[in-house]
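J.: pasting a predicted model and its sequence here:
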Amino acid sequence: MDDMKPTRPADIYLRFLNLMDALRTLPTLGPLDPLEERVLAVVARARQTQDRLSVRDLMAQDQLGAPATIHARVTAMRKKGWLLLASTDDSRRKQVDLTPAALAYFDELSGLMVKAAKGS
């Protein structure tokens with residue numbers, strides 16, 4: 001299929017998934033489990049809309065699971081290099097943000113989407 005033009009819209013998406021799988025095998029960042037991928041998406045969307053997102057804000061999102069589970073995932077994602085925590089005026093409150101490596105990952109994903117759409 002790599003040498004063929006997509007014949008259906010679904011082919012573009014499936015090509016993107018294949019390219020994304022190849023990107024995930026690169027050793028730049030630690031692998032994410034499905035919940036961590038959802039946490040990453042929430043943090044990325046908050047960053048995109050320039051919303052401040054604290055650890056407490058993440059833990060309050062019921063769709064992500066129990067607060068203790070979310071806190072453990074944030075800790076794991078920091079160790080893997082995906083997230084960073086920044087101090088605020090309140091020393092008990094930390095803002096969650098993407099690391100430069102995580103931003104580079106999203107840049108790569110964007111490039112893969114364009115590549116999949118072009119069929120090259």
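T.: All right, it came through fine. Just so you know, these numbers come straight off a predicted model, no measurement behind them.

J.: so where do the strands sit in the protein?
T.: 83-87, 94-98 (DSSP state E).

J.: among those, which is nearest Arg56?
T.: Ranking the strands of the chain by their distance to Arg56 (criterion: Cβ to Cβ) puts strand 94-98 first, at 8.6 Å. Quick note: C-beta positions are derived from backbone N, CA and C, even for glycine.

J.: so what secondary structure elements neighbour that closest one?
T.: Packing partners of strand 94-98 (3 or more Cβ pairs under 8 Å, 6 or more residues apart in numbering; DSSP states H and E): helix 34-48, helix 55-59, strand 83-87.

J.: okay if I get the strands of the chain as a markdown table plus mean neighbour count, distance to Glu36 and mean pLDDT?
T.: As requested, the strands of the chain are arranged in a markdown table below (neighbours: other Cβ atoms under 10 Å; distance: least, Cβ to Cβ, whole Å; pLDDT from 0 to 100):
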| stretch | mean neighbour count | distance to Glu36 | mean pLDDT |
| --- | --- | --- | --- |
| strand 83-87 | 15 | 9 | 92 |
| strand 94-98 | 18 | 13 | 93 |
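
J.: for Ile12, find the nearest of those strands.
T.: Between Ile12 and the strands of the chain, the shortest gap by Cβ to Cβ is with strand 94-98, which sits at 26.2 Å.

J.: number of nearby residues for Arg38?
T.: 17 (other Cβ atoms under 10 Å).

J.: then Arg15?
T.: Applying other Cβ under 10 Å, we find 21 residues neighbouring Arg15.

J.: before we move on, the earlier item: okay, the helices and strands packed on strand 94-98 in TSV with distance to Leu14 next?
T.: Formatted as TSV, the helices and strands packed on strand 94-98 follow (distance: least, Cβ to Cβ, whole Å):
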stretch	distance to Leu14
helix 34-48	19
helix 55-59	32
strand 83-87	30
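
J.: relative to Tyr105, which of those is closest?
T.: Tyr105 lies closest, by Cβ to Cβ, to one member of the helices and strands packed on strand 94-98: helix 34-48, at 8.9 Å.
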